[in-house]
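Enquirer: Pasting the sequence and the predicted coordinates here, then a few questions.
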Amino acid sequence: MSKINGNEIRPGNTLEHDGGLWVAVKVDHVKPGKGGAFAQVEMKNLRNGSKLNERFRSADKVERVRLEQKDQQFLYENDGMLVFMDTETFDQVELPADLLGDRRPFLQDGMTVVIEYYDTEALNVTVPQKVVCKIVETEPVVKGQTAANSFKPALLDNGVRVMVPPFVGQDEDIVVNTETMEYAERA
């Protein structure tokens with residue numbers, strides 16, 4: 001672990017603060033008319049998901065934590081626990097399904113995900129940014145509806161609803177961006 005100054009905190013940095021592990025979500029550098037500059041940091045606890053707003057002056061020292069990232073393959077789900085296998089050592093690890101949050105429906109059998117570890121504790125699971133899904137239900141194509149910004153709702157095979165362009169039909173495979181939960185392109 002390395003100590004960094006308060007003004008060196010960037011979004012995405014993992015910090016050890018008040019005995020917990022926090023990820024910086026948003027950082028605003030503020031220079032008031034009177035007094036010294038500071039960084040207003042919005043942080044999210046990696047263990048319980050709580051949020052915290054904290055001010056760090058440039059003279060403040062903060063512990064920056066480096067998380068170990070490992071590629072792991074999703075095997076199956078068992079009683080709300082997801083089972084992953086390390087692709088190098090073939091060790092299996094069970095993690096709670098709520099660790100994925102609203103990205104859980106995009107997890108598919110055999111998919112390789114990135115799990116971030118602090119020592120031996122798994123803190124975060126990242127699914128690939130783009131995932132191929134099949135449309136199970138959508139409105140039929142309407143002839144002449146070619147307006148640039150017209151989208152229609154579609155239900156995917158994993159139960160997620162997304163907005164798709166009018167030319168995409170039922171039973172087609174599409175690529176979905178898992179970060180924005182939006183249609184990206186046809187598969």
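Expert: All right, it came through fine.
Enquirer: Which pLDDT value belongs to Ala147?
Expert: For Ala147, the pLDDT comes out at 57.
Enquirer: so what strands line up beside the strand or helix carrying Asp71?
Expert: In this structure, Asp71 sits in strand 68-78 according to DSSP states H and E. Paired strands of strand 68-78, with direction, are strand 81-86 (antiparallel), strand 112-118 (antiparallel) (DSSP bridges).
Enquirer: Mind listing what's buried along that strand?
Expert: The neighbour-count check on strand 68-78 (16 or more other CB atoms under 10 Å) flags Lys70, Gln72, Gln73, Phe74 as buried. All C-beta atoms are positioned from the backbone trio N, CA, C, and that covers glycine.
Enquirer: could you redo the strands paired with strand 68-78 as TSV and give each row distance to Arg47?
Expert: Listed next are the strands paired with strand 68-78 as TSV, based on distance: least, CB to CB, whole Å:
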stretch	distance to Arg47
strand 81-86	17
strand 112-118	9
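Enquirer: Can you lay out the ones you listed as a markdown table showing distance to Pro32 and mean pLDDT?
Expert: Formatted as a markdown table, the strands paired with strand 68-78 follow (distance: least, CB to CB, whole Å; pLDDT from 0 to 100):
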| stretch | distance to Pro32 | mean pLDDT |
| --- | --- | --- |
| strand 81-86 | 46 | 92 |
| strand 112-118 | 35 | 90 |
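Enquirer: closest one to Ala184 among those?
Expert: With CB to CB as the criterion, Ala184 lies closest to strand 112-118 of the strands paired with strand 68-78, at 18.5 Å.
Enquirer: Which SSE is immediately downstream of the closest one?
Expert: strand 121-126.
Enquirer: and that next one with strand 81-86, angle?
Expert: 90 degrees (axes from the mean of the first three to the mean of the last three CA atoms, to 10 degrees).
Enquirer: Quickly list what the nearest residue to Glu63 once chain neighbours are set aside is bridged to.
Expert: Take Glu63 and drop its neighbours on the chain: the residue closest to it by CB to CB, 6 or more residues apart in numbering is Glu16, 4.0 Å away. Assessed by DSSP bridges, Glu16 has beta-bridge partners Leu21, Glu63.
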